[in-house]
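A.B. asks: Coordinates for the following, if possible.
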Amino acid sequence: MDGLSRAVGAALEAGGGAVPPESAQQAVTYPSLFLLVVLGALVPVVPTGALVSGAAVVALHQTGPAVPLAGVLGVAALGAFTGDMALYWLGQRGVRSRNGSRWLERLRERAAPERLAQARVRLRDHGITVLVLSRLLPAGRIPVMLACLLARVRMRDFARGNAPACLAWAVTYALIGILGGSLFPQPWEGVAAAVGLTLLVGAGPAVWRRFR
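C.D. replies: The predicted model follows:
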């Protein structure tokens, strides 16, 4: 954790940032990464993929990147799993309730009808293994989660499919960060490239669908 914080502080210093490295060392830690990923899984206000990619770049520029990078992967996967399970539990309460719930309604609002219909077909044909692909596709997580809720998939069954999905998601976005960050000598340049590449990957399909 200290190594990750020191690397972020060095990146800010190299990039001419106004935030002192000591402040960054206190603010950017594994617990903060975990909490931000959990928050991003619950509400769409945090670009969690870009966050994981940036953290992977920071780990890459450390002297011995193997341990920090493994920490980023583990924390990111655990945060995504925790957030997903909390959101699924809240959604289950809405499904069981006669009046529904605001969490269930928000999930419905975030899932386009055609995407939900496709997710229900895939869930019927492939079972909970569809969760792995849904985590990797932009805007694919919520329709599949909602399909699982409407199909009354049990919490433990959802967890069994969601665990490898979250790990695959963390590895994928970490690799995107490493790919972008390895092209630049300075950590802050790598973080900027990784975040830009991640946002491009995430927004590309939506822009293409709108264009069509």
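A.B. asks: Just give me the neighbour total for Glu114.
C.D. replies: 9 (other C-beta atoms under 10 Å). (Glycine included, C-beta is placed from N, CA and C.)
A.B. asks: before we move on, which element is it in?
C.D. replies: According to DSSP states H and E, Glu114 maps onto helix 113-126.
A.B. asks: got the buried residues for that helix?
C.D. replies: Neighbour counts over helix 113-126 (16 or more other C-beta atoms under 10 Å) mark 115-116, 119-120, 122-123 as buried.
A.B. asks: Provide the contact partners of it at residue level.
C.D. replies: With C-beta atoms under 8 Å, 6 or more residues apart in numbering as the test, helix 113-126 has contacts from 111, 130, 133-134, 139-140, 143-144, 146-148, 150-151, 153.
A.B. asks: Output it as CSV, restricted to C-alpha atoms.
C.D. replies: Provided in CSV are the C-alpha atoms of helix 113-126 (Å, rounded to 0.1, in the frame of the first residue of the first chain):
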residue,chain,number,x,y,z
PRO,A,113,-35.3,-3.0,-23.2
GLU,A,114,-33.5,-4.6,-26.2
ARG,A,115,-30.4,-5.1,-24.1
LEU,A,116,-32.5,-6.7,-21.3
ALA,A,117,-34.2,-9.0,-23.8
GLN,A,118,-30.8,-10.1,-25.1
ALA,A,119,-29.5,-10.7,-21.6
ARG,A,120,-32.5,-12.8,-20.7
VAL,A,121,-32.0,-15.0,-23.7
ARG,A,122,-28.3,-15.4,-23.0
LEU,A,123,-29.0,-16.2,-19.4
ARG,A,124,-31.5,-18.9,-20.4
ASP,A,125,-29.1,-20.4,-22.9
HIS,A,126,-25.8,-20.2,-21.0
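A.B. asks: Quick one: mean pLDDT over it.
C.D. replies: Across helix 113-126, pLDDT averages out at 91.
A.B. asks: right, and the helix or strand after it?
C.D. replies: helix 130-136.
A.B. asks: same for that next one, what does it pack against?
C.D. replies: Helices and strands touching helix 130-136, by 3 or more C-beta pairs under 8 Å, 6 or more residues apart in numbering; DSSP states H and E, are helix 113-126, helix 141-150, helix 155-181.
A.B. asks: let's see 7 Å
C.D. replies: Applying 3 or more C-beta pairs under 7 Å, 6 or more residues apart in numbering; DSSP states H and E, one finds that helix 130-136 contacts helix 141-150, helix 155-181.
A.B. asks: mind checking which helix or strand of the chain has the lowest mean pLDDT?
C.D. replies: One helix or strand of the chain scores below all others by mean pLDDT, DSSP states H and E: helix 21-27, with a mean of 38.
A.B. asks: thinking again about what came up before, let's have the buried residues of helix 113-126 in CSV, adding distance to Ala80.
C.D. replies: Conversion of those to CSV gives the following (distance: C-beta to C-beta, whole Å):
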residue, distance to Ala80
Arg115, 20
Leu116, 21
Ala119, 18
Arg120, 23
Arg122, 20
Leu123, 19
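A.B. asks: Let me know the closest of the contacts of helix 113-126 to Gly40.
C.D. replies: Taking C-beta to C-beta as the measure, Gly40 lies nearest Ala139 of the contacts of helix 113-126, at 13.7 Å.
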